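[1] need coordinates for the following:
(chains A and B)
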Amino acid sequence: MSKTYYDPADLRKFSKITEWSEELGNKFFDYYGKVFEEGALTAREKSLIALAVAHTEQCPYCIDAYTKDGLQRGVTKEEMMEAIHVGAAIKSGATLVHGVQMMNKVNKLDG
Amino acid sequence: MAKLKTQSLQKQGSDLAQSNRQLEILSNGIFQNGELPTFKAKISETSQFPLKAKKLEILQINVGYMCNQVCEHCHVDAGPDRKEIMTRDTMKQCLEVIKNSGAHTLDLTGGAPEMNPDFRWFVEEAAKVGIRDFIVRSNLTIIRANKKYYDLPEFFKKHNVHVVSSMPHWTRGKTDKQRGDGVFDKSIKALQELNAVGYGMPDSDLRLDLVYNPSGAFLPGDQMSMEKDFKKALMEDFNIQFHNLFAITNLPIARFLDYLIASENYEDYMYQLVDAYNPAAVANVMCTNTLSISWDGYLFDCDFNQMLELPVNSKAKHISEFNEELLEGRNIVISQHCYGCTAGAGSSCQGVVA
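    Below you'll find the model as predicted:
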């Protein structure tokens, strides 16, 4: 058994998830592949969104994958960092906007 | 990436300057223990072994390993300290071959080919032969390196040379990281000068293509998308135009291999190459229609095999023994570095192949 929860080499084995559930696994990868194709958004824009989400989800595999993907697409480190800030801003905004709920509750209970 | 070195691996006395050491690394480890298939095993899966040379289309001549730059990824291990330079006598032998062969493209490379003292003579003589596509691979900065090179754009134009130049990114930071401080600014100036004499203009016959190769341990992205991004950025920022972008994969040899090992990226990079293996690219790899000639006149399947000192598998091993019929159909000499030309859309000196 691995001594750590995450092993970078496991990313290479991602496609093996189909082995224990072929139909669902294949459907997932078909969908995944389709999502990242050039569409109304460019593949480059999608890569940056994926990088930001990889961080908000704190998925180390996704961070490795979409950092490399960005480099392959010529994305600069400044663009990558800005994308992560977008994710961070939404995360912190999502936390702080709940502050209104706290304020509502305080006002109701102790206003 | 580590700080750029200023000397070739050869000058540093590095183990990796030895081609047999590089070949050993490429055959051992993950390829020996069966973790990854060898290139031979991989192409055998689709009955593409042995790879065979087809009709000769491109003669690529390496006129010397001397260069004004010491780029981090360089598969030639070129630099100012390299003294291997093609002589005029060998050039004369090459000219005979150019005249008599059926190749439609002549491709001069280096090092910086312009640093060969007989470069201009050779270009003038070769241009007289009237070959369809006459390429010079220019690193751009050479045009600004010394005033004796300032007229190169005019010289290229006079002989209708097709200029192919390296440009790893449209930003200063990424370019200088790979190719050295100040390279970006000099390259931009050189491109503007090439544009000024007519190179790279949309309707111009003066061809100017750029070569993109990744600045680190990752594969190139889609060539067409990269070309679009390069064109947009170079036009908006510097009013520069060019024709096509060739996206080239870094092959794991020489200085790039040294970098991969030092940065602990070697295994992961080989996995990337093998995972991205594309059998459709194998059918069109450049070694099947190209012959590479070294500064001392020896024949190789490609410039990479030249650097690994893997000579052609033919009785004709030197330009003095050149025999097109004998060379056609020869078995291509392969090792694991060949995965670099078959990953994704494939890679060659002319960009993607599949």
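[2] okay, CA-based contacts and neighbour counts for the rest of this
    Will do.
[3] by contact count, what packs against the longest helix anywhere in chain B?
    In chain B, assigned by DSSP state H, the helix with the most residues is helix B:223-238. Where contact means 3 or more Cα pairs under 8 Å, 6 or more residues apart in numbering or on different chains; DSSP states H and E, helix B:223-238 is packed against strand B:245-247.
[4] sheet-wise, list the partners of the strand it packs on with their directions.
    strand B:208-212 (parallel) (DSSP bridges).
[5] which residues in the stretch 151-300 of chain B form strands?
    B:162-166, B:208-212, B:245-247, B:290-293, B:299-300 (DSSP state E, counting those that start in this stretch).
[6] what angle do helix B:223-238 and the second one make with each other?
    With axes from the mean of the first three to the mean of the last three Cα atoms, to 10 degrees as the criterion, the two stretches strand B:208-212 and helix B:223-238 enclose an angle of 110 degrees.
[7] near chain B, which residues of chain A?
    Counting by Cα under 8 Å from any Cα of the partner chain, the positions of chain A adjacent to chain B are A:68, A:71-74.
[8] pull the residues that contact the longest helix of chain B.
    A:73-74, B:169-170, B:188, B:240-242, B:244-247, B:351-352 (Cα atoms under 8 Å, 6 or more residues apart in numbering or on different chains).
[9] can you redo those as a markdown table with distance to residue B:142, pLDDT and neighbour count?
    As requested, the contacts of helix B:223-238 are exported to a markdown table (distance: Cα to Cα, whole Å; pLDDT from 0 to 100; neighbours: other Cα atoms under 10 Å in any protein chain shown):
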| residue | distance to residue B:142 | pLDDT | neighbour count |
| --- | --- | --- | --- |
| A:73 | 28 | 93 | 21 |
| A:74 | 25 | 91 | 25 |
| B:169 | 18 | 88 | 25 |
| B:170 | 19 | 90 | 21 |
| B:188 | 12 | 96 | 20 |
| B:240 | 18 | 97 | 22 |
| B:241 | 19 | 98 | 22 |
| B:242 | 18 | 98 | 24 |
| B:244 | 21 | 97 | 21 |
| B:245 | 20 | 97 | 26 |
| B:246 | 20 | 97 | 25 |
| B:247 | 22 | 95 | 28 |
| B:351 | 23 | 91 | 22 |
| B:352 | 26 | 92 | 24 |
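[10] for those residues, give me TSV that also has distance to residue B:45.
    TSV is the format used below for the contacts of helix B:223-238 (distance: Cα to Cα, whole Å):
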residue	distance to residue B:45
A:73	30
A:74	33
B:169	36
B:170	39
B:188	45
B:240	45
B:241	43
B:242	40
B:244	34
B:245	32
B:246	29
B:247	27
B:351	25
B:352	22
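[11] of these, closest to residue B:92?
    residue B:351 (29.3 Å; Cα to Cα).
[12] for that closest one, grab phi and psi.
    Main-chain torsions, residue B:351, degrees, to the nearest 10: phi 90, psi -150.
[13] now swap in residue A:68 and tell me
    The phi and psi values for residue A:68, taken as degrees, to the nearest 10, are phi -60, psi -40.
[14] can you pull out the low-pLDDT segments for chain A?
    Counting by pLDDT under 70, the ranges of chain A that qualify are A:1-2.
[15] which stretches of it form helices?
    A:22-35, A:43-56, A:60-72, A:77-110.
[16] contacts only, for the closest residue to chain A within the stretch 151-300 of chain B.
    Closest residue of the stretch 151-300 of chain B to chain A, Cα to the nearest Cα: residue B:221 (4.6 Å). By Cα under 8 Å, 6+ apart, residue B:221 lies in contact with A:72-74, B:247.
[17] same check on residue B:91?
    Applying Cα under 8 Å, 6+ apart, the residues near residue B:91 are residue B:122.
[18] in terms of helices and strands, where is it?
    helix B:88-100 (DSSP states H and E).
[19] name the helices or strands packed onto the helix or strand following that helix?
    Next helix or strand after helix B:88-100 toward the C-terminus (DSSP H and E): strand B:105-109. Counting contacts by 3+ Cα pairs under 8 Å, 6+ apart, strand B:105-109 packs against strand B:58-62, strand B:133-138.
[20] most neighbours per residue, which of these?
    Ranked by mean neighbour count, these are led by strand B:58-62 with a mean of 24 (mean count of other Cα atoms under 10 Å in any protein chain shown).
[21] and residue 109, how many neighbours does it have?
    All of this is about chain A. 8 (other Cα atoms under 10 Å in any protein chain shown).
[22] wrong one, chain B
    24.
[23] give the contact list for it.
    With Cα under 8 Å, 6+ apart, residue B:109 has these contacts: B:60-64, B:136-138.
[24] 6 Å - rerun?
    Under the criterion of Cα atoms under 6 Å, 6 or more residues apart in numbering or on different chains, the neighbours of residue B:109 are B:62, B:137.
[25] residue 38: neighbouring residues, count only.
    Answering for chain A, as no chain was given. Residue A:38, neighbours per other Cα under 10 Å, totals 12.
[26] wait, I meant chain B there
    Counted with other Cα under 10 Å, the neighbours of residue B:38 add up to 22.
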